[in-house]
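Visitor: With the input below, show me the fold.
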Amino acid sequence: MRMKPPKALSSLLLFLAFATSTYSQDAQKIVDQYIKAAGGSKALSKTQTLTLEGIFHTTDGKAGTYTLSTKLPNRYYSELLLGDTSEIEAYNGKSAWHRTTDGEFSTLVGPEGSQLEAAAQYYNSHLVDAKKNKLGLGFAGFSQVRGRQAFEIEVTTMTGVKRRVFFVTQTHVMLKEAATIGGIETQILYNDYRATNGIKIPYRIELHRGPETYDVAVTRAAVNGSVGERVFDFPKKSQVQLPDLKALFKEIDANQKAIDKIKENYAGTRSEEETEYDKTGKVTKRELRESTFFYLDGQEVSTLVRKDGKPLSDQEQKKENERAQKRIEELQKHDAKREAKEEKDKEQGKEKKDDDDVGIETFLRACQFVNPRRERFRGQDVLVFDFEPNPEFKPRKLAEKVVHELAGVVWIDEKAHDVARLEAYFVGDFRFAGGLIANLQKGTSFTFEQAFLNNEVWLPTYEEAHVGVRVLLLKSFKVNAITRYSDYKKFNVESIVSIAKPKSPADAAAPETTAPKPR
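Guide: Next comes the predicted model:
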């Protein structure tokens, strides 16, 4: 005897079967339905600013005020004010910062900063033209949210930050979001949608931040109202006077040149993780590489010793060592030619030219510097300030054009005269040869960190790059790369060092290639 399933269950199974066949591969169609329900792509794309203000109540009966402000292209501000205590998270288009309940303001770095940057990008896009806004959309499944059936979409930003968004299957409005923002697990539920200036705004918001829950009743919603840039900037009262940047940067430049020579007494290990994504944000390829390296003429000379966690074979290691030896010889020849040319120019009374270098003068002219503040970073006192393109500067050379397209934030150790951390991204597409060779897409970003070691030298510790590029007008790539530097060792300047030191007995068979004696 066959048992007949309950009618409700049969209906649900039928719905799921239909929905799976219809939507499982088409996240964009689901988002398009949401856009139409929210007011249409035309109204949403014209939303320059959005401000929500309201009153919240916590589960223990406390009351406070809630503010959310966004502004194109990538500004974001969120505040929960309870009495004299406020929690703020913001991204000003160059750096992410927050104010904790103890009243401290600080710049956010690492995943926490990336999450706020991603929130700014996501909320200002309104999910319109996801491809143009470098957002990957992937169908994640079907969910039940507060007893309502919902489509679940995974949204991935260019930096790899993910957010889960839930849409009601029948009305297509947004029901819920789930993401980590500023290092805090966050869920937001929306209800009571009302039309405001042509778009649907939720007037009831249930905000879950970590263990806390805030029930928000929106009292004011403004679309395309006046929102000044100061709303998103680091608080003025926490800022300091910028020092003479020209003098400071010249000190850093001179210090770095001296350090480049000391670096040649050091060798270390470099671990690289490279990940490629498709247009939905799904990982299509991941590669791990581990190399040993040292410095020669200011350049890294590296030898691959492991790939995807496995040591190279004897033949692979031999080829890699030969490649590294060839690189050494190329650097030596280049150095010899450069020294000969400099000596000849000196004899002829010609001045040294650095046309291809991105010097301190380029940054000073191509960028403008704002929001200076002093903070603690990695146990050191640092000067932090944001930078953005100087609208009055007209670049001519390639190096000037590159710098003029960058915005970001920099951490400087004034006492040690060097850069501790740098974050930067391209504010627009950057085309090589008019885009015929390559087109670095807007939002391509990189992060660089270094540390002061042995009380004598600055050496890199971390690099991160999020690259969107179209090559030869044919294929687009989206690649995230993370590089970690470790195991720095200072060697005797009279010794000859191996650049392919075995990491384990299994690697001992790998032949060694030697580097020239450090100068």
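
Visitor: Now do the strands in the stretch 251-400 of the chain.
Guide: Under the criterion DSSP state E, counting those that start in this stretch, the stretch 251-400 of the chain contains strands at 266-277, 283-296, 299-307, 310-311, 367-377, 380-389.

Visitor: Reformat those strands as CSV; add distance to Asp129, mean neighbour count and mean pLDDT.
Guide: Every residue, glycine included, has its C-beta placed from N, CA and C. Below are those laid out as CSV (distance: least, C-beta to C-beta, whole Å; neighbours: other C-beta atoms under 10 Å; pLDDT from 0 to 100):
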stretch, distance to Asp129, mean neighbour count, mean pLDDT
strand 266-277, 18, 18, 94
strand 283-296, 23, 17, 92
strand 299-307, 38, 20, 92
strand 310-311, 42, 15, 94
strand 367-377, 29, 17, 92
strand 380-389, 23, 20, 93
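
Visitor: Buried residues, the helix or strand harbouring Ala37. List them.
Guide: In this assignment (DSSP states H and E), Ala37 forms part of helix 27-38. By neighbour count on 16 or more other C-beta atoms under 10 Å, the buried set for helix 27-38 is Ala27, Gln28, Ile30, Val31, Asp32, Gln33, Tyr34, Ile35, Ala37, Ala38.

Visitor: what do you get for stretch 134-149?
Guide: Lys134, Leu135, Gly136, Leu137, Gly138, Phe139, Ala140, Phe142, Ser143, Gln149.

Visitor: next one: stretch 193-213
Guide: For stretch 193-213, the neighbour count (16+ other C-beta under 10 Å) marks Tyr193, Thr196, Ile199, Lys200, Ile201, Pro202, Tyr203, Ile205, Glu206, Leu207, Arg209 as buried.

Visitor: Same check on stretch 247-262?
Guide: The neighbour-count check on stretch 247-262 (16+ other C-beta under 10 Å) flags Leu248, Phe249, Lys250, Ile252, Asp253, Ile259, Ile262 as buried.

Visitor: Stretch 95-114 now?
Guide: Result for stretch 95-114 [16+ other C-beta under 10 Å]: buried residues 95-99, 105-109, 112-114.

Visitor: what about it, how long is it end to end?
Guide: 9 Å (C-alpha to C-alpha, to the nearest Å).

Visitor: Among the buried residues of stretch 247-262, which one lies nearest to Leu406?
Guide: Each of those was checked against Leu406 using C-beta to C-beta; the closest is Phe249, at 15.3 Å.

Visitor: Between strand 380-389 and the helix or strand where that closest one lies, find me the angle.
Guide: According to DSSP H and E, Phe249 maps onto helix 245-262. Angle of helix 245-262 versus strand 380-389, following axes from the mean of the first three to the mean of the last three C-alpha atoms, to 10 degrees, is 120 degrees.

Visitor: Does anything pack onto helix 245-262? Which helices or strands?
Guide: Other elements packing on helix 245-262 under the criterion 3 or more C-beta pairs under 8 Å, 6 or more residues apart in numbering; DSSP states H and E are helix 360-366, strand 418-426, strand 457-471.

Visitor: Can you show me the CA trace of stretch 152-171 as CSV?
Guide: Extracted in CSV, the C-alpha atoms of stretch 152-171 (Å, rounded to 0.1, in the frame of the first residue of the first chain):
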residue,chain,number,x,y,z
GLU,A,152,18.5,32.9,-1.4
ILE,A,153,21.2,34.7,-3.5
GLU,A,154,24.8,34.9,-2.7
VAL,A,155,26.4,38.3,-3.6
THR,A,156,30.2,38.4,-3.9
THR,A,157,32.1,41.7,-4.3
MET,A,158,35.3,42.1,-6.2
THR,A,159,37.3,41.6,-3.0
GLY,A,160,35.7,38.2,-2.3
VAL,A,161,33.4,39.4,0.5
LYS,A,162,30.1,37.5,0.5
ARG,A,163,26.6,38.5,1.5
ARG,A,164,23.4,36.3,1.5
VAL,A,165,20.3,38.1,0.4
PHE,A,166,16.8,36.6,0.6
PHE,A,167,13.8,37.6,-1.6
VAL,A,168,10.2,36.7,-1.1
THR,A,169,9.3,34.3,-3.9
GLN,A,170,5.9,35.9,-4.6
THR,A,171,6.3,39.6,-4.1
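
Visitor: i'd like the first residue to be 24 from this point on
Guide: Sure, I'll start counting at 24 from here, so that last one is stretch 175-194.

Visitor: So what's the gap between it and the chain middle?
Guide: Chain-centre distance of stretch 175-194: 19 Å, with C-alpha atoms, centre = their mean, to the nearest Å.

Visitor: Name the residues of that stretch that are buried.
Guide: Buried-residue list, stretch 175-194, by 16+ other C-beta under 10 Å: 175-192.

Visitor: picking that back up, which helices and strands sit right next to the helix holding Ala60?
Guide: With contacts taken as 3+ C-beta pairs under 8 Å, 6+ apart, helix 50-61 sits against helix 64-68, strand 159-168, strand 171-179, strand 185-191, strand 222-232.

Visitor: I'd like the ones you listed as JSON lines, with distance to Lys341 appended.
Guide: Converted to JSON lines, those look like this (distance: least, C-beta to C-beta, whole Å):
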{"stretch": "helix 64-68", "distance to Lys341": "57"}
{"stretch": "strand 159-168", "distance to Lys341": "41"}
{"stretch": "strand 171-179", "distance to Lys341": "40"}
{"stretch": "strand 185-191", "distance to Lys341": "42"}
{"stretch": "strand 222-232", "distance to Lys341": "55"}
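
Visitor: Any idea which of these gets closest to Val450?
Guide: Among the helices and strands packed on helix 50-61, helix 64-68 sits nearest to Val450 (C-beta to C-beta), with 19.1 Å.

Visitor: So what are the sheet partners of the helix or strand just after the closest one and their directions?
Guide: Where DSSP H and E defines the elements, the next helix or strand beyond helix 64-68 is strand 72-81. With DSSP bridges as the test, strand 72-81 is paired with strand 86-94 (antiparallel), strand 235-246 (antiparallel).

Visitor: So for the first one, mean pLDDT?
Guide: Throughout strand 86-94, pLDDT has a mean value of 97.

Visitor: got it, and stretch 205-218?
Guide: In this model, stretch 205-218 carries a mean pLDDT of 96.

Visitor: Also stretch 264-281?
Guide: Average pLDDT, stretch 264-281: 85.

Visitor: contacts for it?
Guide: For stretch 264-281, the surrounding residues in contact (C-beta atoms under 8 Å, 6 or more residues apart in numbering) are 382-383, 386-387, 392, 395, 406, 408, 435, 437, 439-442, 481.
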